[in-house]
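Novice: Quick check, what structure comes out for this input:
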Amino acid sequence: MLYNNNYNRGGLQINLCGEPLAAFCADRRYEQTEKYKNMRLFKKKKIYNATELQNIKLKCKVGLALSGGGTRGFAHIGVIKAFNEERIGFNCVAGTSVGSLIGAMYCAGVGTDAMMEEARLVSRKEIVRRLWLNSDPSNIEQIADRLLVNRSFDELSVPFAAVAVNIGNGSEEVLSSGSVAKAVSASCAVPVLFRPVSVDGKLLVDGGLLNNMPADVCRNMGAEIVIGVDLDHNRGSGARSQKLKDILVATWTITTKSTMYKGKQNSDLVIEPELSKFSRASLDDIDAMVAEGYRAAKQRMPEIKKLLGIK
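Specialist: The predicted model follows:
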């Protein structure tokens, strides 16, 4: 399933050529035109036809399910980079918490190099400030809005869904219309740490409470094969101390461990980066986490190619 879209922003014509810009925008044939103001704009040095830039054509529809995991989510960037290098694109993406943010960026056509640049713009002070109890989730929405250039779901080049939980009735909410930034903020709103996000009159919180790796959502979006990415396959090991922070983290990881079963049952293959040595709330090791995500994806690539029928 191809998504041929042409965007004209600021006088620049950008042709997605049937697959997300993320699949090729890291190529040196493109250069950023405005480093911080708008990192989605790239200037062409040469005109290429569609067949030169398309990903490998697959016989089946492939979905990508990205799990939550705090700042360990930078590993998702490395995973996507590995797929881009193999020219493997996705027909749909579903994400929970930080997985929804990275997934939305991919579906908006943001390349992995641009994702890295954007990640480095977020300061440690901003992260710490947002981790106070009952923090304002609008901060997350503002960050997502900047990253996604205020896009709505119907402006994305690849179908995308973010998963949240209705704290009013305990039901899972799959968000796939309206403001992408609003949906991402709801999916990232960890209970207690953030206030719920109001979407269409519903108070929503982090989707990890019920569905931390939404592979089933990809299935419902039409995916025949789903590849999942689990940022914390060792979750649920308990608290390191009796400090409030450690107890809250342990409570959350124990909860999300049980919500991973559905995701694994609905995935044909799960990539599991080894991220246990990295904090869930630190920006100190961005490059190392991206590298680990890349390594984990590359390690499974022979299996993935066989699964997708790629010789």
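Novice: can we go C-alpha only for contacts and neighbour counts from here?
Specialist: OK.
Novice: how far away is the residue of the chain most remote from its centre from Ser282?
Specialist: Ranked by distance from the centre of the chain (Cα atoms, centre = their mean), the top residue is Gln242, with 31.9 Å. Going from Gln242 to Ser282 by Cα to Cα, to the nearest Å gives 21 Å.
Novice: Which stretches in the stretch 101-250 of the chain count as strands?
Specialist: Taking DSSP state E, counting those that start in this stretch as the test, the strands found in the stretch 101-250 of the chain are 160-166, 171-175, 197-199, 202-206, 225-229.
Novice: need those in JSON lines with distance to Ser135, mean pLDDT and mean neighbour count, can you?
Specialist: Shown next, in JSON lines, are the strands of the stretch 101-250 of the chain (distance: least, Cα to Cα, whole Å; pLDDT from 0 to 100; neighbours: other Cα atoms under 10 Å):
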{"stretch": "strand 160-166", "distance to Ser135": "17", "mean pLDDT": "98", "mean neighbour count": "29"}
{"stretch": "strand 171-175", "distance to Ser135": "22", "mean pLDDT": "98", "mean neighbour count": "19"}
{"stretch": "strand 197-199", "distance to Ser135": "11", "mean pLDDT": "96", "mean neighbour count": "19"}
{"stretch": "strand 202-206", "distance to Ser135": "12", "mean pLDDT": "96", "mean neighbour count": "25"}
{"stretch": "strand 225-229", "distance to Ser135": "28", "mean pLDDT": "98", "mean neighbour count": "26"}
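Novice: would you turn these into TSV with distance to Ser276?
Specialist: Compiled in TSV, the strands of the stretch 101-250 of the chain are given as follows (distance: least, Cα to Cα, whole Å):
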stretch	distance to Ser276
strand 160-166	24
strand 171-175	28
strand 197-199	29
strand 202-206	21
strand 225-229	15
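Novice: Rounded mean pLDDT for the helix or strand where Thr256 lies, please.
Specialist: Counting by DSSP states H and E, the element that carries Thr256 is helix 244-265. Across helix 244-265, the average pLDDT comes to 76.
Novice: Quick check: next helix or strand after that helix?
Specialist: Downstream of helix 244-265, the next assigned helix or strand under DSSP H and E is strand 269-271.
Novice: Other residues contacting that next one?
Specialist: Val226, Ile227, Gly228, Val229, Asp230, Lys264, Ala296, Ala297, Arg300, Ile304 (Cα atoms under 8 Å, 6 or more residues apart in numbering).
Novice: how about 6 Å then?
Specialist: Contacting residues not belonging to strand 269-271 are listed as Ile227, Gly228, Val229 [Cα atoms under 6 Å, 6 or more residues apart in numbering].
Novice: mean confidence score for it?
Specialist: Here strand 269-271 scores 98 as its mean pLDDT.
Novice: what lines up beside it in the sheet?
Specialist: Using DSSP bridges, the strands paired with strand 269-271 are strand 225-229 (parallel).
Novice: still on that earlier bit, and the helix holding Thr256, what other elements does it pack with?
Specialist: Judged by 3 or more Cα pairs under 6 Å, 6 or more residues apart in numbering; DSSP states H and E, helix 244-265 is in contact with no other helix or strand.
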